[in-house]
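Chemist: predicted coordinates and the sequence they were generated for:
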Amino acid sequence: MIQGNAKHIGLLQQKPIALFVVLVALLLLCFSSIAIGTREVTWQEIIGALQGQMNTMGEASVTMRLPRTVLAIFAGCALGLSGAIMQGVTRNPLADPGILGVNVGAAFFVVIGLAWFGINQLQTYVWLAILGAGITAIFVYFISSLGYGKSTPLKFALAGAATSAALSSFIVAVILPRNDIAGSVNSWQIGGVGGATFDSIQLVLPFLIVGFLLSVFIARKLNTLALGDDIATGLGENVTWIRLLAWLSAVLLCGATTAICGPIGFVGLVVPHLCRLLVGVDNRWLLIFSALVGACLLLSADVLGRIISRPSELSVGVVTAFVGAPFFIWIVRRQRVREL
Amino acid sequence: MINTNSTLARVTNGRKKRSKRWKYVASLLCLLAVAAFSITLSLGQSFTPPQDVINVLLGENVPGASFVVGQLRLPRAIISLLVGMSFGIAGVAFQVMLRNPLASPDIIGVSSGATAAAVFAIIVLHMDGTSVAFFSIAVGLLVALAVYGLSYRNGASGARLILVGIGVSAMIESFIVYLLSQAQAWDRQEAMRWLSGSVNSAQIHQALPLIISLLIFGGFLLSRSRDLEALRMGDDTAHALGVRVGMTRLTVIVSAVGLIAVGVAITGPIAFVAFLSGPIAARLVKNNGSLLIPSGLVGACLVMGGDYIGQFLLQSRYPVGVITGALGAPYLIYLIIRVNRKGGSL
């Protein structure tokens, strides 16, 4: 049924070729992420650093760039994937961790943990962020689908924006009287992949892996869900169960990412739409491509942030917002928006 | 046959009743605003007897009270009152025009545009006072027009305007985050205080731009209130009633943004005042006339009340925006649920 509709097949029908192109792009970006930065490095230094040497300043800075490259790949994969899953499960073109308020929800929980419970270990941050992300996501989805018709993109985006606004003002209320934690919260909120270490990546890796595995498991079932709840039930799927697993996977992925990168918006929104243009709506391919293109996008945003404001750096979240927001507006303009 | 006489009588009666209700609500809100104003003036860390307050207001020099009332409390009360009115009127203008109580300037990016401009002017351009206000009006208008233009496609649909606004506001907010990350650490705490909206540093000369903007933009909105009321019934109905929908929308946006931007430049974006005033006023007035003035009064009460709570009733001192934000959040969620259940209208 999906294959039959020519409009939905996508530009690149040779999916293995497309996959190859994306992988090559990812490799090139990885290389530029290692090679480009504040300090110019030579070929020898890059090769030396990759072999584990740290004799020159150049080699040392390449070694510093390795973990952030790895983190950018993981975070990009996770965000792209969670966006694709959210869009699939809500059947809403505007679903995105940022729009949904999940980022702010995670931030809110982390701030509360910092301020009231004196938590300062990254390990606990991660749990708090995932918990906050999950509760906010469910909350926003719940109120946007209450009563009066289905959950339209407008209701959805408004509920997300409103919840974010409310939570942000709570965050300010918690931080303002506490000069001692304001600095650390601020640096966390600006986020980015710049401060990555292999230790911090290791902390969130289990959550990401569980999220990835779940997404592999539900990819095919999301296709069935796309036919509508009734048909999916008729085909023998347990719709509620799929939804639950899908949300769990999406929340694990974006919550864990937010915990160590801070809020990064719009990757989850832009990437699945791009991939749908490329490879069509089949979720099995869409999820794979979303993950890879997400990694490409985050890597290039990170590299771009280093190039634009040399010698300092522009946080990756700022870059993605500037790329993503125009895209968001384009999607809004493209589709017919139903009046509320 | 319809008895024309009794129909006429019913219509006249209904109109009288409605205008009575409107006057009743408006005077009640006025009283409340005056009460909040006097409490701000007379009751702070120390109590100043009303007689002394009046004497100070009349320009006499009262030992002990002149400084506290005249220099500290009076500017604060006046700025709160004016800013609250500006936000209340501008917010309800947006909500009525877009027929959605959630479509307030705080949520669709107008406030964040003006805020970003003011932050930029303060941190990067090192401007102060009036020039910040002008800069933020200019940028606020630019953002509003951009949102309007981007959502224009075979006529500007209200829903698209809201969504584009959310997108633009996300972009602007990340710009603010970037600006803050470039600022010095000591500037940052100050900027955050200002970003959450505060009347702490109110000075009496700041009242002038607020009064001017209320007179020009607020007056213009009041003169358009008939068209705005027609827009509440839907674009098509308004069009049929002879309202030039596109033109009205544009002029209303310009004046509401003017009100917001001047207020934001002086106190920072006080969270949710623009958003809350309209629905509260609508609940009180109940379809009995224009919401602009009642909503302005509600806004004034919210800011003055919130500032008082933030200053004196809690353990540590909070800027008013934090209080209104915290009070507004549960109401917001209630509103979302109600709007979704009943469809959007104030």
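Modeler: Alright, I've got the coordinates. Residues are numbered from 1 along each chain as shown, chains lettered A, B, ... in the order given.

Chemist: make it CA atoms for all contacts and neighbour counts henceforth
Modeler: Fine.

Chemist: list the buried residues of whichever strand or helix holds B:Arg10.
Modeler: Assigned by DSSP states H and E, B:Arg10 belongs to helix B:4-42. Of the residues in helix B:4-42, B:18, B:21-23, B:25-26, B:29-30, B:32-33, B:36-42 count as buried by neighbour count, 16 or more other Cα atoms under 10 Å in any protein chain shown.

Chemist: who are the packing partners of it?
Modeler: helix B:50-57, helix B:74-98, helix B:273-285, helix B:292-308 (3 or more Cα pairs under 8 Å, 6 or more residues apart in numbering or on different chains; DSSP states H and E).

Chemist: any idea how far B:Ala230 is from B:Val96?
Modeler: 10 Å (Cα to Cα, to the nearest Å).

Chemist: of those two, give the one with the bigger neighbour count.
Modeler: The neighbour count for B:Val96 versus B:Ala230, taken as other Cα atoms under 10 Å in any protein chain shown, is higher for B:Val96 (26 against 21).

Chemist: state the distance from the more buried one to chain A.
Modeler: As judged by Cα to the nearest Cα, to the nearest Å, B:Val96 and chain A stand 14 Å apart.

Chemist: now that residue, nearest residue through space, not along the chain?
Modeler: With sequence-adjacent residues excluded and distances taken as Cα to Cα, 6 or more residues apart in numbering or on different chains, B:Val96 is closest to B:Arg232, at 5.8 Å.

Chemist: the one you found and B:Met97 touch, don't they?
Modeler: Yes. Here B:Arg232 reaches B:Met97: they are 6.5 Å apart, a contact under Cα atoms under 8 Å.

Chemist: the two: which has the busier surroundings?
Modeler: Neighbour count, other Cα under 10 Å: between B:Arg232 and B:Met97, B:Met97 has more, with 26 against 18.

Chemist: who are the contact partners of the more buried one?
Modeler: Contacts for B:Met97 (Cα atoms under 8 Å, 6 or more residues apart in numbering or on different chains) come out as B:Leu228, B:Leu231, B:Arg232, B:Arg249.

Chemist: and the furthest pair within these?
Modeler: B:Arg232 and B:Arg249 (11.8 Å; Cα to Cα).

Chemist: A:Ser300 sits in which helix or strand?
Modeler: helix A:283-308.

Chemist: and the next helix or strand past that helix?
Modeler: helix A:316-334.

Chemist: which residue is nearest the middle of chain A?
Modeler: A:Leu79 (1.9 Å; Cα atoms, centre = their mean).

Chemist: now do the contacts for the nearest residue to it once chain neighbours are set aside.
Modeler: Nearest non-adjacent residue to A:Leu79, counting by Cα to Cα, 6+ apart: A:Gly268, 5.1 Å away. The contact partners of A:Gly268, by Cα under 8 Å, 6+ apart, come to A:Leu79, A:Gly80, A:Leu81, A:Ser82, A:Gly83, A:Ala84, A:Asp96, A:Pro97, A:Gly98, A:Gly294.

Chemist: please, which helix or strand holds A:Gly268?
Modeler: Going by DSSP H and E, A:Gly268 is part of helix A:267-279.

Chemist: tell me the mean pLDDT for stretch A:140-154?
Modeler: Summarised as a single mean, pLDDT over stretch A:140-154 is 70.

Chemist: same check on stretch A:240-252?
Modeler: Mean predicted confidence for stretch A:240-252 is 87.

Chemist: brilliant, that's me finished.
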